[in-house]
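**Student:** need coordinates for the below:
(one chain, ligands or ions: 1)
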Amino acid sequence: MSEASRDLGFMRLAIDQAHNAWAVGEVPVGALVVRDGRVIATGYNHPIGTHDPTAHAEIRAMRAAAALIGNYRLVECDLYVTLEPCAMCAGAIQHARIRRLVFGAPDPKTGACGSVIDLFADSRLNHHTEVTGGVSTEECARLLRDFFVERRHRESPRAPEPESRPDMEPPSTDGIEARFDPD
Ligand SMILES: [Zn+2]
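**Tutor:** Below you'll find the model as predicted:
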């Protein structure tokens, strides 16, 4: 199996994790840690319900993986996540020495893998992690858009349909900023 098709398969599982976040009312972002071609840990975004500002999908997946293998260094492990990691998660990924990071949708508001800043581009910070973005981008972004549209409708049921704006057509990630300011 090619690396590209393997990435698509794992990203599909990360998207399943994002649905778990949606199911508990959190912004749908999902992640998983893969070692030796097998998923060893999963995580979904859950900061509101856990009262934990660090409870992003990536952090939760890496915590579970580290506990499982008994090592804070996730050597030979790859991380898949549906949304471009923020600076906090990018830092944690580097501390964990993740071998390869694969993400789906770019995050133009807080993305730290090239969208706002690129914490992986500086070799003084990053010696270990190879980064691949743009895997299942449209599906990952659509999930986020659908979530925010649904939430807007729920919070103001009489509000009119949001107007379609040409500059906000896919692959826009309109509304992702609410991930960090959900109220
Ligand atoms: Zn994060």
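**Student:** interface residues of this structure facing the ion?
**Tutor:** For the chain, the contact set with the ion under Cβ under 5 Å from the ion comprises 56, 86, 88, 89. Placement of C-beta: from N, CA and C, glycine included.
**Student:** list the contacts of the second one.
**Tutor:** The neighbourhood of residue 86, defined by Cβ atoms under 8 Å, 6 or more residues apart in numbering, consists of 56, 107, 110, 111, 112, 180.
**Student:** check the burial of the fourth one by counting its neighbours.
**Tutor:** Right, residue 111. When neighbours are counted by other Cβ atoms under 10 Å, residue 111 registers 23.
**Student:** do I have it right that it meets residue 85?
**Tutor:** Yes - Residue 111 is within contact range of residue 85, at 7.4 Å (criterion: Cβ atoms under 8 Å).
**Student:** need the helices for the chain, in chain order.
**Tutor:** Ranges of helices in the chain, per DSSP state H, are 3-23, 47-50, 57-69, 87-96, 137-155.
**Student:** now do the buried residues in the longest one.
**Tutor:** Judged by neighbour count using 16 or more other Cβ atoms under 10 Å, the buried positions of helix 3-23 are 7, 10, 11, 14, 15, 17, 18, 20, 21, 22.
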